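*Asks:* Fold the following and give me the result.
(chains A, B and C)
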Amino acid sequence: MELRSSRRRGRPAKPWLLGLYAWCGAVFLFLMAPLVVVFPISFSSSPYLQFPPPGWSLRWYAAYIDDSAWIDATIRSLKVAAATTVLSTVLGTALAFSIVRGRYWGKSAVNQMSLLPLIVPVIVYSIAVYGLFAQLRLIGNWQAIVLGHTVHAIPFVLIVVGAALRTYDVNYELAAMSLGASRMRAIWRVTLPQIRPALISAMFLAFISSFDELVVAMFLGGSNMTLPKKMFDNIVNAIDPTIAAVSVLQIVLVTIVLIVVSKVGTGARPAR
Amino acid sequence: MTAYTGQMNGVAAGRPGPGRWWRKRRTEALLALAALPAMAFLLVFYLLPMALLLLQSIEDGSLSAYEKALTDSLYVGVLIDTMLIAAYVSIACLLLGYPVAYLMASAPAPWPTVGIVFVLLPFWTSILVRTYGWMVLLGRNGIVNRALLELGVISDPLPLLNNTAGVLIGMVHVLLPYMVFPIYAVMRRVDPGLIAAAEGLGAPGWQIFRRVYFPLTLPGVLAGVTLVYILSIGFFITPALLGGGRVIMIAVLIEVQVRQFLNWGFAGALSAVLLAATLLVYLLLRRVFRSDLQWN
Amino acid sequence: MAPTADPNRPTKPTAGEGDLTLAGVVRRFGSVAALAGIDLTVRKGELLTILGPSGSGKTTLLKVIAGFESPDEGEVYLGARKVTSAPPAKRDIGMVFQNYALFPHMTVAENIAFPLQMRKIAQADRARRIDDVLRLVDLSGLGERLPRQLSGGQQQRAALARAIVFGPRLLLLDEPFGALDRKLREQMQLEVRRLQRQLGLTALFVTHDQEEALILSDRIAVMDQGRIVQLGTPQEIYRLPVNRFVAGFIGESNLFRARVTDRGEAALENDIRFRLPEGPRPDGAEVGLLLRPERPRLLVNGERADNMFAGTVVEVIYLGETIKYRLRLDPGVELVVRWPFREASQSLRIGDRITVGWDRSDINLVAWS
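*Replies:* As a prediction, the model looks like this:
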């Protein structure tokens, strides 16, 4: 657009352009600041929130790894996230096929209902499911948290897989069927491999949405905490900068997974 | 028009049998059934609990909880505060996010990728990590205050934490990507030919922006504002952590009612009010410009 | 010269006779009939082309034959077996799609192996068959490539190989050459024809390109608005079109609207008279007079013909081997002629006055409606 064209024609940068870059630079700084700040704190040798740190140490990382409570919480979060990913991907993919390909009465309602968890405030859902599960004595079970997280992951899967299915050329499936495959086999061997990038993105979204989730886990976990809940308690009680170490590990993990996922690519390719 | 008509020797081409009707409907039936597992799951584990909660709010058939929620000045105040904060956050996100989206959509490489990284990375980072970071930054002894003091810009530390200011900063930080992405998606599709045409017609830059470009990006703006507003009014974590107990948004209030006071009926009523407000805003803005919450 | 094909001549498709038989196939979408009663028999080993414009129903017909759609009425037989309700996988049909639909995540060899795997053919057998078919379509050595690494023509041949490797009973081709450039298209047309003959495959070809149909087919079924309007060899369709639609669709032609008089003539507008050929002439009826552009001749030195007119050249279009002239005949009607290009000195120019003529038998009567 304008920016590119004016650069190409070699005109000197207009003043408002400099202002734009400056403004965006400030916003980028704003976006990254809290992430960047936890790094030095995690290496601080002081147990108080001192900046700049008086000395450097790895004690908080050690504190995290040595503390069974932290590790338990981490493992629990991983378990819950993995189960949520599997469950929501299976349910959500079938749902996506139904909504993208199907033509039946009430389909629009099904679509809207599936997206409801994105709109309804989590706090409302959390206390509601807490009330129900408390009566069923399910509080503290990690499986209960999986149920609560799956409900919120399904819309993500639906959107991502649905988008891929919409741009997918059905002729591949028809070709497979004409060659002797049943519809199910055609989907399994031809369609799913081709929407694999979308499936992987969806699984990634589901995983992260569960792994980072606090409110539902807070209510349903009871004393068996997930990682976010432990971090929350740690912040509220302002105990020590162990949480800084955990934060750094989290950021690094997310960055790695993001890079891996972006290499896999996105979307399906058209027939040809 | 001539046509070849014929009859099968010995077999009349007649009415379709039941087998044929079923076969035609089979695929459609299977597709409808494919939604069933997810629907059943959502019904039981999503709608059911919330229906039960709302039922509880109508204790013994009376709406007293609702009365309290909607008339008691304390609680009405909370609702208004929540709406106001959400509005501030939305405006701030718009002011910060629109130029960033523009940069991502129009600047030469590497800016688009830079923008995406800078916006996505915080987006994917745990909200707790980000909140903790803000606590380090915004405290009285935090980095921001220390820097400003040392630069001589201020003489007393600014109260940026445990108050509305901190909450606003934290919420804008979390919600900014939700503003940037819809606007970016729309900006990418703006036809540069239109801008060139306006330039060719002699319009100065500001006019082009005001009368051509901005209106074209309006759908994205409205989508972003809707999204941010709706998410804001339901926010719990940020006000709870950065508000220091002084910023009572409606979600925080609900949690307190359940956790501390075990006041299920009232919490249910508050939830219903929050839900109603959310759905109202959603439907209203959806009607206004016909967008739903799906963006790329 | 034979008159128009008798539209009332009945055919009785019988299962078992041909490889593919359709009897009374009807398919409706809402109130519109995409297929309004199709009866067709494709004989073993023949290449039959379904020719028609968009909206004629030919795609729906293809889907019904392949099994992607079920007809509302009528039956489909492959050989003597009724397959009307059978899913595509059970129909033993090989299909080449318009955009090939080669699975992009599999190599060419894996693509070709797919139907063999579906039929549970043993690994060793599969490898041999894949090699054989690759050699047949001239793609030997390219088995390990991915589809996107092949040229358009190669992808075409790979799609063809995949469709024939399992020895299907019927080969369906859905406008497969649309994306190829002209030269490649002609090459592929001949390729497919050669392969089909060589393997003795029964093939059904769907296209809107009448030239393609004329080149490739043993027989052509012309479709319009859900019905087969005419079924015959390319020569029959070209020379004896049954009505105005077919006449206009196939080849280029002069088509005049006229009324048959009682004196072996037909009267056009302006009362221009054409002498009609022998044979049944529906007196008083409104008909179309079809005159192919290569039939009139240049009359010189007092030559005479049954139908003879003087006229002026108004347009000259050079087509390489032939020249197309548009003439304005004196009585006030336009005529298009196509004559082979002999020498530059023999070419006419705009404004030249000439006399053209044609025999009575050069005219075909077609139904005007």
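
*Asks:* Could you report the neighbour count for residue B:234?
*Replies:* 24 (other Cβ atoms under 10 Å in any protein chain shown). Every residue, glycine included, has its C-beta placed from N, CA and C.

*Asks:* wait, isn't it in contact with residue A:126?
*Replies:* No - counting by Cβ atoms under 8 Å, residue B:234 does not reach residue A:126; the two are 10.7 Å apart.

*Asks:* Walk me through the domains of the chain.
*Replies:* Let's take chain A. Annotated domains of chain A cover A:2-59, A:65-264 [automatic domain parsing].

*Asks:* I was after chain C.
*Replies:* According to automatic domain parsing, the domains of chain C span C:20-246, C:252-367.

*Asks:* Listing request: residues of chain B with sub-threshold pLDDT.
*Replies:* Residue ranges of chain B with pLDDT under 70: B:1-24, B:60-62, B:289-296.

*Asks:* Who are the contact partners of the closest residue to chain C within the stretch 51-200 of chain A?
*Replies:* Nearest residue of the stretch 51-200 of chain A to chain C: residue A:180, at 3.3 Å (Cβ to the nearest Cβ). By Cβ atoms under 8 Å, 6 or more residues apart in numbering or on different chains, residue A:180 lies in contact with C:89, C:114-115, C:118-119, C:166.

*Asks:* Show me what the helix or strand hosting residue B:281 is packed against.
*Replies:* Counting by DSSP states H and E, the element that carries residue B:281 is helix B:264-289. Under the contact definition 3 or more Cβ pairs under 8 Å, 6 or more residues apart in numbering or on different chains; DSSP states H and E, helix B:264-289 sits against helix A:107-119, helix A:122-135, helix B:48-57, helix B:64-71, helix B:73-106, helix B:214-233, helix B:250-259.

*Asks:* In TSV: these, plus mean neighbour count.
*Replies:* Formatted as TSV, the helices and strands packed on helix B:264-289 follow (neighbours: other Cβ atoms under 10 Å in any protein chain shown):
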stretch	mean neighbour count
helix A:107-119	17
helix A:122-135	22
helix B:48-57	18
helix B:64-71	16
helix B:73-106	19
helix B:214-233	21
helix B:250-259	22
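
*Asks:* Could you dump these into a markdown table with distance to chain C added?
*Replies:* Below are the helices and strands packed on helix B:264-289 laid out as a markdown table (distance: least, Cβ to the nearest Cβ, whole Å):
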| stretch | distance to chain C |
| --- | --- |
| helix A:107-119 | 19 |
| helix A:122-135 | 38 |
| helix B:48-57 | 39 |
| helix B:64-71 | 49 |
| helix B:73-106 | 29 |
| helix B:214-233 | 33 |
| helix B:250-259 | 46 |
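
*Asks:* wait, which of those is closest to residue A:217?
*Replies:* Across these, residue A:217 has its closest neighbour in helix A:122-135 (8.9 Å, Cβ to Cβ).

*Asks:* quick check: angle from the following helix or strand past the closest one to helix B:48-57?
*Replies:* Counting by DSSP H and E, the next helix or strand C-terminal to helix A:122-135 is helix A:142-166. Comparing the axes of helix A:142-166 and helix B:48-57 via axes from the mean of the first three to the mean of the last three Cα atoms, to 10 degrees yields an angle of 120 degrees.

*Asks:* Residue of the stretch 251-369 of chain C closest to chain A, please.
*Replies:* Closest point on the stretch 251-369 of chain C to chain A, by Cβ to the nearest Cβ, is residue C:251, at 32.1 Å.

*Asks:* which SSE is the closest residue in space to that residue that isn't next to it in sequence in?
*Replies:* Spatial nearest neighbour of residue C:251, chain neighbours left out: residue C:238 (5.6 Å); criterion: Cβ to Cβ, 6 or more residues apart in numbering or on different chains. In the assignment (DSSP H and E), residue C:238 maps to helix C:234-239.

*Asks:* Next secondary structure after that helix?
*Replies:* In N-to-C order, the element after helix C:234-239 by DSSP H and E is helix C:244-249.

*Asks:* helices and strands around that next one, which ones?
*Replies:* The helices and strands touching helix C:244-249, judged by 3+ Cβ pairs under 8 Å, 6+ apart, are strand C:219-224, strand C:227-232, strand C:254-260, strand C:286-291, strand C:363-367.

*Asks:* let's see 6 Å
*Replies:* Applying 3 or more Cβ pairs under 6 Å, 6 or more residues apart in numbering or on different chains; DSSP states H and E, we find helix C:244-249 packed against no helix or strand.

*Asks:* How far off centre is it?
*Replies:* Using Cα atoms, centre = their mean, to the nearest Å, the mean C-alpha position of helix C:244-249 is found 12 Å from that of the whole chain.

*Asks:* That helix: which residues count as buried?
*Replies:* C:244-247, C:249 (16 or more other Cβ atoms under 10 Å in any protein chain shown).

*Asks:* Turn those residues into JSON lines, columns for pLDDT and distance to residue C:260.
*Replies:* Output for these, formatted as JSON lines (pLDDT from 0 to 100; distance: Cβ to Cβ, whole Å):
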{"residue": "C:244", "pLDDT": "83", "distance to residue C:260": "15"}
{"residue": "C:245", "pLDDT": "87", "distance to residue C:260": "20"}
{"residue": "C:246", "pLDDT": "88", "distance to residue C:260": "20"}
{"residue": "C:247", "pLDDT": "85", "distance to residue C:260": "17"}
{"residue": "C:249", "pLDDT": "84", "distance to residue C:260": "24"}
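
*Asks:* which stretches of the stretch 51-200 of chain C form helices?
*Replies:* With DSSP state H, counting those that start in this stretch as the criterion, the stretch 51-200 of chain C has helices at C:58-66, C:108-118, C:123-136, C:152-164, C:182-199.

*Asks:* how far out from the middle of the chain is the fourth one?
*Replies:* Going back to what we said before, that points to helix C:152-164. Between the centre of helix C:152-164 and the centre of its chain there are 22 Å (Cα atoms, centre = their mean).

*Asks:* Check whether that helix comes near chain A.
*Replies:* No - judged by Cβ under 6 Å from any Cβ of the partner chain, helix C:152-164 makes no contact with chain A; its nearest approach is 6.9 Å.

*Asks:* about what we covered before: compare the domains of chain C and give me the one nearest residue B:279.
*Replies:* domain C:20-246 (36.5 Å).

*Asks:* is stretch A:153-168 anywhere near chain C?
*Replies:* No - residues of stretch A:153-168 are not located near chain C by Cβ under 6 Å from any Cβ, the shortest gap being 11.2 Å.

*Asks:* Give me the distance between that stretch and the centre of its chain.
*Replies:* 15 Å.

*Asks:* now what about it, what contacts it?
*Replies:* A:84, A:88-89, A:91-93, A:95-96, A:100, A:114-115, A:117-118, A:195, A:198, A:201-202, A:205-206, A:209, A:267-268, B:38, B:294 (Cβ atoms under 6 Å, 6 or more residues apart in numbering or on different chains).

*Asks:* Which of the residues you listed fall within helices?
*Replies:* Judged by DSSP state H, the subset of the contacts of stretch A:153-168 located in helices is A:84, A:88-89, A:91-93, A:95-96, A:100, A:114-115, A:117-118, A:198, A:201-202, A:205-206, A:209, B:38.

*Asks:* Give me the residue at the spatial middle of chain B.
*Replies:* For chain B, the residue sitting closest to the mean C-alpha position, by Cα atoms, centre = their mean, is residue B:227 at 2.9 Å.

*Asks:* Look up which helix or strand the residue nearest to it when sequence neighbours are not counted falls in, please.
*Replies:* Setting aside the residues directly before and after it, residue B:227 is nearest to residue B:178 in space (Cβ to Cβ, 6+ apart), at 4.8 Å. Per DSSP H and E, residue B:178 falls inside helix B:164-188.

*Asks:* list the buried ones in the helix or strand following that helix?
*Replies:* Note on helix B:164-188: by DSSP H and E, the next helix or strand toward the C-terminus is helix B:192-200. Neighbour counts over helix B:192-200 (16+ other Cβ under 10 Å) mark B:195, B:198 as buried.
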